[in-house]
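need a 3D model of the following:
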Amino acid sequence: MYNIFSFEAGKFELNAPGSTRRYLAVLLLFSALLYLGNLAQPEFTGSDEVRVGAIGAEFVLDHQWVAPRLNGEPFLEMPPLFYWAEALSFKLFGIDNLAARLPSALAAIWAVVVCFLFAGKLGFKPFTAFCAALVLAVAPQFWGSGRSATVDMLLASLTLTAVFGYYCSAVASPWRQKIGWMLVFALATGGAIMTKGMIGLAIPGAAVGSWLCCDNLIRRRPTWGNWLLMFSGVMLALLPLALWIYYLNRELGWEHGGKVVLITNNFDRFAGNHQDHRESWFYYLRKLGEIFQPWQVFVWAGVFWFGRKFYRDRNRAALMLLCYLLFPLLLLNIASVKRMVYLLPTNPAMALLAGGFIGLLLQGEITWKNRVLAPGRVLYWLGFGLGAVAAVAATVVMVLPRFLTLRTPELQPLGFCALLLAILLMWLLRQRQFGRAATTVLLLFPVAFLLINTLRAERVRSRGIFRTAFTRIAADLADGKELLLINPMERTRGCAVYFLHRRVTVCTPEEALELQAGNPGRYLLLLNAEEDFRSRFRIIRTYQCRKDRFTLAEIWEKKL
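Numbering: from 1, shown residues only. Below is the predicted model:
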């Protein structure tokens with residue numbers, strides 16, 4: 001096995017010159033396996049992926065690129081940047097799950113690379129920067145969002161790029177470099193705004209604004225040049241939003257366009273005028289035990305370590321790390337609308353703190369007085385425990401299909417690979433070949449995550465999927481009949497557009513009766529429940545997709 005790392009004198013290092021490029025190449029390969037492997041699975045089950053996929057598909061089907069629409073109706077909850085990226089992917093690869101999730105996967109890979117570069121700019125050695133990027137790549141919430149067709153991963157990637165760009169601008173010396181990095185900050189912030197609204201400005205703005213204020217207070221003098229760069233970047237970042245709202249108002253008018261984007265779906269949500277996802281101010285504090293597992297303990301160890309470093313040395317990089325996490329987290333706590341996924345843009349900050357602490361620990365720059373807790377000894381037993389758990393889990397996965405009749409042939413070869421890697425890891429640790437053992441862990445992670453994804457896909461399949469239902473509905477429509485959606489939910493409209501590749505008429509039961517009276521036998525109806533319509537409609541087939549129940553029906557002839 002090629003030995004990427006060496007473990008000499010109690011610390012990890014790379015075994016070759018040009019270590020930064022080598023680490024970056026390993027990160028790219030590792031991230032590609034982690035985020036692009038079997039990306040089409042599992043099938044869409046939640047409302048978010050179906051809705052976002054349908055909006056991106058409508059851009060392709062209707063060839064209009066200004067107002068996002070869901071089954072013909074304007075849907076302005078978020079600006080269109082992610083939908084545009086998804087529509088481009090659909091044009092290149094067709095309307096399917098792989099193309100729908102590809103923008104998120106590429107954004108996740110980009111975030112891992114930027115995290116590595118940002119760590120290097122903060123003064124981390126290449127191995128410590130590699131640890132920070134690796135922690136981000138394998139964080140469960142980050143990995144799950146990077147493999148889903150939702151806007152949150154693109155937002156997290158762009159906010160990270162914005163903070164990185166501004167920090168590089170602030171610490172650069174020549175003004176040419178300062179302006180160049182300021183343009184990176186403006187471009188990334190503008191993209192974040194065009195992805196999810198003003199939160200795309202609030203998160204990087206809170207991070208860099210608080211850092212600049214604290215830095216100026218410590219120096220006891222304002223750095224007017226850096227303030228000018230920040231405000232110039234913000235003004236440039238708002239230009240794409242202003243241009244999009246101008247064309248949106250021309251198409252929909254102020255009441256249905258700009259007002260909805262700027263006021264209803266930004267400031268009203270922050271202030272609590274929306275009733276959805278409202279939580280108490282301490283919601284995220286209660287969820288701290290769930291955020292960024294299993295690395296959470298290293299996050300707060302990193303907060304303590306870099307906080308002490310800032311207190312002792314007035315280190316600007318340590319201050320940036322603290323501001324990047326704490327002030328956006330405070331801002332999100334103040335907002336009345338809260339969900340766990342809204343914390344995704346803080347994941348890179350947590351990874352920099354946790355990975356920085358882990359890297360310093362592994363390189364021997366953080367020492368333990370207690371020899372029992374020495375890094376080498378702790379790593380040895382952690383690696384052995386990881387190998388043992390992986391071996392047991394792989395064995396269980398290999399025998400699952402025999403007992404549970406799972407229809408996933410990928411499980412057994414993946415389980416066999418995981419078992420071999422786990423055994424190899426334990427053997428290498430016994431031989432004290434820690435560098436090769438670290439390389440084996442890198443190979444074990446993608447295999448383990450692919451196994452988890454395969455088991456998720458099987459679980460989704462067993463609980464029912466939207467694609468099965470709408471594939472059969474498409475077959476029912478093949479003889480020229482037309483589908484009507486009766487008082488549909490949001491995800492029902494999204495499913496119809498995404499899986500049928502066309503808009504579907506939405507109406508009430510009374511309107512369906514009138515349409516059928518003019519064209520007897522032409523229409524099939526899709527209902528969200530059957531109980532209230534038994535007297536009017538004849539049930540053809542019922543589908544159960546997780547908690548959703550769809551009923552395909554037609555109108556009784558005697559009711560015409």
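
any stretches of the stretch 301-450 of the chain with poor pLDDT?
Low-confidence segments of the stretch 301-450 of the chain, defined by pLDDT under 70, span residues 367-379, 400-409.

so where do the strands sit in this protein?
In chain order, the chain shows strands spanning 5-8, 11-14, 69-70, 73-74, 482-486, 505-507, 523-527, 537-545, 548-555, with DSSP state E as the criterion.

now the residue lying closest to Arg541 once chain neighbours are set aside: how far from Thr508?
Nearest in space to Arg541, with sequence neighbours left out and distances taken as CB to CB, 6 or more residues apart in numbering, is Leu552 at 4.8 Å. In short, each C-beta sits where N, CA and C put it, glycine included. Leu552 sits 18 Å away from Thr508, going by CB to CB, to the nearest Å.

who has more neighbours, the two?
For Leu552 against Thr508, the residue with the higher neighbour count under other CB atoms under 10 Å is Leu552, and the figures read 20 against 11.

okay, and the beta partners of the more buried one?
With DSSP bridges as the criterion, Leu552 is bridged to Leu526, Arg541.

which ones are touching it?
With contacts defined as CB atoms under 8 Å, 6 or more residues apart in numbering, Leu552 is in contact with Ile473, Asp476, Leu524, Leu525, Leu526, Leu527, Ile539, Ile540, Arg541, Thr542, Tyr543.

and for the fourth one, the neighbour number?
Leu525 has 24 neighbouring residues, counting by other CB under 10 Å.

I'd guessed it sits against Glu554; true?
Yes. Under the criterion of CB atoms under 8 Å, Leu525 lies in contact with Glu554, with a separation of 6.5 Å.

between these two, which contacts overlap?
With contacts defined as CB under 8 Å, 6+ apart, the residues shared by Leu525 and Glu554 are Phe537.

need the contact partners of stretch 170-180.
Defining contact as CB under 8 Å, 6+ apart, one finds that stretch 170-180 is touched by Lys121, Cys168, Ser169, Trp181, Val208, Leu212, Thr223, Gly225, Asn226, Leu229, Arg316.

related to what we said a few turns ago, among the strands of the chain, which is nearest Leu343?
Comparing the strands of the chain by their distance to Leu343 (CB to CB), the top pick is strand 69-70, with 26.2 Å.

how far away from the center of its chain is the closest one?
Its chain's C-alpha centre and that of strand 69-70 lie 22 Å apart, by CA atoms, centre = their mean, to the nearest Å.

ok, Asp96 to Arg51 distance?
Relative to Arg51, Asp96 is positioned 16 Å away (CB to CB).

and if you look at Ala206?
28 Å.

neighbour count: the two, which is higher?
Neighbour tally, Ala206 and Arg51, criterion other CB under 10 Å: the higher count belongs to Arg51, 23 against 20.

can I get the contacts of Leu552 in TSV including pLDDT?
TSV is the format used below for these (pLDDT from 0 to 100):
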residue	pLDDT
Ile473	87
Asp476	83
Leu524	85
Leu525	84
Leu526	85
Leu527	82
Ile539	82
Ile540	83
Arg541	82
Thr542	82
Tyr543	80
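
redo these as CSV? Include distance to Ser280.
Formatted as CSV, the entries for the contacts of Leu552 read as follows, by distance: CB to CB, whole Å:
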residue, distance to Ser280
Ile473, 42
Asp476, 47
Leu524, 46
Leu525, 42
Leu526, 38
Leu527, 37
Ile539, 44
Ile540, 46
Arg541, 44
Thr542, 39
Tyr543, 37
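
and of those, the nearest to Ile358?
Within the contacts of Leu552, the smallest distance to Ile358 is 47.2 Å, found for Tyr543 (CB to CB).

do you know how far the spatially closest residue to the closest one that is not a sequence neighbour is from Asp48?
With CB to CB, 6+ apart as the criterion, Tyr543 has its nearest non-adjacent residue at 3.8 Å, and that residue is Ala469. Counting by CB to CB, the separation of Ala469 from Asp48 is 18 Å.

tally of neighbours for Arg250?
Around Arg250 there are 10 other residues, counting by other CB under 10 Å.

do the one 5 residues further on as well
Using other CB under 10 Å, Glu255 has 9 other residues around it.
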